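Asker: Can you look at this prediction? I've put the sequence above it.
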Amino acid sequence: MKHRLIRYTLGDKVFLFFDCLILTLFLIVLAYPLLYIISASFTAGVSVMSLSLIPQRVSLAGYEAVFQYGPIWTGYLNSLIYMAGGTLISLTLTVCCAYPLSRQDFKGRGLIMALCMITMYFSGGTIPTFLQVRNLGLLGSRLAVVLPGALSVYNMIVMRTYFKSQVPHEIFESAQMDGCGNIRYLLRILLPLSTPILAVTGLFYAVGFWNSYFDAMMYLANVRTKYPLSLILREILVLNEMSIDQLEVSQLLQIEERRNVMKYAVIIVASFPVMVIYPFVQKYFVKGIMIGAVKG
């Protein structure tokens, strides 16, 4: 079978030229900060303050200082716990809420959806939430970091829309005729057919828990051993609470240069898990979001 060659008109060529030019500029703008941070994390002091992407003096001293700082590893472990446990809890709650609301025979689903959407525009606020967490006896507990923001109404709506539009109702009717109940249908049929939206929603929750620090700062104020990595990173980048001995990279570097090298290395170390997870979810990302959000 012969392939037909595509012939571009002059207008098409001009459009493609400017399209590629604009996308290239966007790529440079977005990629430069990341490449600069990576380069600066391997730099020994002096060129950290420049805008060059090529280190003048390559050094691993920043990473050595990071790995020698004990609280970072404690924060790393805590963040992994919060990310894994929080994502599991959030996905479970989202599925349990989205599935019944996607069913046409569920009475009162319109009222429940309206109540859920109200929370997207109006919230109880920080102080009432803190008082509620305190009254539940969760202050200083890991659950205080995971439970208050466990359910995202936006993610629930996207997942509900996916269940309605992408899984035909006839499948449920056929399974029901064979004696399949709601729970078995959900676990054995619906969820395996909903891998794209589950992967995308799980990625959103995982990144959110990994980057979250405000809840931990409020609810774990006196329990430093349970601090997530983001809160430790905040102390290093903003509060500079590390002592000079812990920041010592080389006798040749000035104190401020040592801190800069340490900061860039910490950023790379903190971003590593998300960069590892994303390629495995990328193939589901566009499909899950577009199908779940566009079709109503």
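Answerer: Arrived safely.

Asker: pLDDT at Val286, what is it?
Answerer: Per-residue pLDDT puts Val286 at 61.

Asker: swap in Ala44?
Answerer: Looking at Ala44, the pLDDT reads 66.

Asker: repeat for Leu237
Answerer: 65.

Asker: Quick check: which helices or strands does the host helix or strand of Asp19 pack against?
Answerer: Per DSSP states H and E: Asp19 is located in helix 10-41. For helix 10-41, the packing partners by 3 or more Cβ pairs under 8 Å, 6 or more residues apart in numbering; DSSP states H and E come out as helix 255-294. C-beta coordinates here come from the backbone N, C-alpha and C atoms, glycine included.

Asker: one more time with 10 Å, if that's ok
Answerer: helix 61-68, helix 255-294 (3 or more Cβ pairs under 10 Å, 6 or more residues apart in numbering; DSSP states H and E).

Asker: If I average pLDDT within each of those helices, which one is lowest?
Answerer: Lowest mean pLDDT of these: helix 255-294, a mean of 69.

Asker: ok, Phe17 to Arg7 distance?
Answerer: Look at Phe17 and Arg7: by Cβ to Cβ, to the nearest Å, they are 16 Å apart.

Asker: typo on my end, Tyr185
Answerer: According to Cβ to Cβ, Tyr185 and Arg7 sit 52 Å apart.

Asker: nearest residue to Arg160 other than its sequence neighbours?
Answerer: Nearest non-adjacent residue to Arg160, counting by Cβ to Cβ, 6 or more residues apart in numbering: Ala98, 4.0 Å away.

Asker: Run the chain-centre distance for stretch 186-198.
Answerer: 21 Å (Cα atoms, centre = their mean, to the nearest Å).

Asker: Phe17 and Arg7: which has the busier surroundings?
Answerer: Neighbours were counted for Phe17 and for Arg7 using other Cβ atoms under 10 Å; Phe17 has more, 10 against 6.

Asker: C-terminal to the helix or strand harbouring Ala206, what's the next element?
Answerer: Ala206 belongs to helix 195-211 when elements are defined using DSSP H and E. Downstream of helix 195-211, the first helix or strand assigned by DSSP H and E is helix 214-219.

Asker: Quick check: buried residues in that next one?
Answerer: For helix 214-219, a neighbour-count test (16 or more other Cβ atoms under 10 Å) marks Asp215, Ala216, Met218, Tyr219 as buried.

Asker: For the second one, give me the pLDDT.
Answerer: I take that to be Ala216. What the model reports as pLDDT for Ala216 is 88.

Asker: which ones are touching it?
Answerer: When contacts are counted by Cβ atoms under 10 Å, 6 or more residues apart in numbering, Ala216 touches 75, 78-79, 82, 142, 144-145, 223, 226-232, 234.

Asker: Check the first one too.
Answerer: Contacts were defined as Cβ under 10 Å, 6+ apart; by that measure Asp215 touches 82, 129-130, 133, 144-149, 209, 228, 231.

Asker: do you know how far it is from Arg184?
Answerer: Distance, Asp215 to Arg184, using Cβ to Cβ: 36 Å.

Asker: before we move on, what about Val274?
Answerer: 35 Å.

Asker: Ok, Ile81 next?
Answerer: From Ile81 across to Arg184, the span is 31 Å (Cβ to Cβ).

Asker: What of Leu35?
Answerer: Distance from Leu35 to Arg184, by Cβ to Cβ: 50 Å.

Asker: can you check Met113 too?
Answerer: 25 Å.

Asker: For those two, indicate the residue with more neighbours.
Answerer: Met113 (15 against 12).

Asker: center of the protein, which residue is that?
Answerer: Val207 (1.5 Å; Cα atoms, centre = their mean).

Asker: residues touching the closest residue to it other than its chain neighbours, list them.
Answerer: Once flanking residues are discounted, Val207 sits nearest to Val274: 5.8 Å by Cβ to Cβ, 6+ apart. Neighbour list for Val274: Met83, Leu203, Ala206, Val207, Trp210, Asn211 [criterion: Cβ under 10 Å, 6+ apart].
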